[in-house]
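Peer 1: here's my sequence, what's the structure:
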Amino acid sequence: MPTKDLQQPRAIRPETLSGDDPLLRLQAESEPDDSIRIRTTLRSDPITITGITVMCPQCGARRDWLVICDVPGRIFLRCRCAHQWHEPELTRADFNAMVSEGGQKYPSLEAVARDTGHDGTLAGTYLPHDLNAGACG
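Peer 2: Predicted coordinates:
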C-alpha cells in the first residue's frame with residue numbers, strides 16, 4: 001500500500017484579510033455580551049441645534065459635553081456639573097457625525113463620567129481642546 005494513501009490531508013488555513021488580527025478577533029468574540037449598550041463621545045465644541053447653542057439648564061455651560069447614545073438611538077447630553085438630559089432634537093446620525101475613531105471601553109456610564117470629568121468634580125471647568133483628544137467610550 002502506498003504511503004500517500006495513509007497520510008491525512010492537512011487542514012487548510014482560512015485566508016486572513018490585511019489588518020485582521022486573530023488575537024483581537026478572539027478577544028472581541030470572547031467578551032461578554034451582557035455589557036451596557038451605550039456609546040459615548042466627548043464634544044469640546046459648542047453644540048448648535050436649529051441655530052441655538054445648547055446650554056446646560058443647571059450651570060449654564062455651553063461646551064465640553066459628554067454625548068451619550070443608547071440602544072433605541074436616544075441622545076443624551078451630560079455637562080461637567082453631572083447634569084444629564086435627553087435631547088430629542090439630536091438623532092443617531094448626529095451622534096455618528098460627532099464620534100471619533102478609537103476610544104476606550106468602559107464598564108459603565110458612571111465610569112465614563114468619572115474618567116472624563118463629567119461626574120461633577122470638574123463643574124464649571126473648561127478644559128483646553130487637546131486634553132479631551134482620544135477619550136470616548
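
Peer 1: all helices of the protein, in order?
Peer 2: 22-30, 92-98, 109-116 (DSSP state H).

Peer 1: hmm, who's touching the second one?
Peer 2: Looking back up the chat, that one is helix 92-98. For helix 92-98, the surrounding residues in contact (CB atoms under 8 Å, 6 or more residues apart in numbering) are R39, T41, R43, V67, C69, G73, I75. From N, CA and C alone the C-beta is placed, and that goes for glycine too.

Peer 1: mind doing that once more with 6 Å?
Peer 2: Here helix 92-98 makes contact (CB atoms under 6 Å, 6 or more residues apart in numbering) with T41, R43, V67, C69, G73, I75.

Peer 1: lowest-confidence one in the residues you listed?
Peer 2: Minimum pLDDT for the contacts of helix 92-98 is recorded at G73 (86).

Peer 1: state the number of residues packed around the closest residue to that one other than its chain neighbours.
Peer 2: Spatially, and ignoring its direct neighbours in sequence, G73 is nearest to R92 (4.1 Å; CB to CB, 6 or more residues apart in numbering). Using other CB atoms under 10 Å, R92 has 14 neighbouring residues.

Peer 1: quick check: R92 vs Q84, distance?
Peer 2: Distance of R92 to Q84, given as CB to CB, to the nearest Å: 18 Å.

Peer 1: from G117, how far off is the residue nearest to G73?
Peer 2: Distance from R92 to G117, by CB to CB: 25 Å.

Peer 1: any stretches of the protein with poor pLDDT?
Peer 2: Under the criterion pLDDT under 70, the flagged ranges of the chain are 1-19, 27-36, 101-103, 127-137.

Peer 1: need the strands for it, in chain order.
Peer 2: For the chain, the strands defined by DSSP state E occupy 39-43, 48-49, 52-53, 65-69, 75-78, 84-86.

Peer 1: just say which of those is most tucked in.
Peer 2: Highest mean neighbour count of these: strand 65-69, a mean of 23 (counted as mean count of other CB atoms under 10 Å).

Peer 1: that one pairs with which strands, parallel or anti?
Peer 2: If you go by DSSP bridges, strand 65-69 pairs up with strand 39-43 (antiparallel), strand 75-78 (antiparallel).
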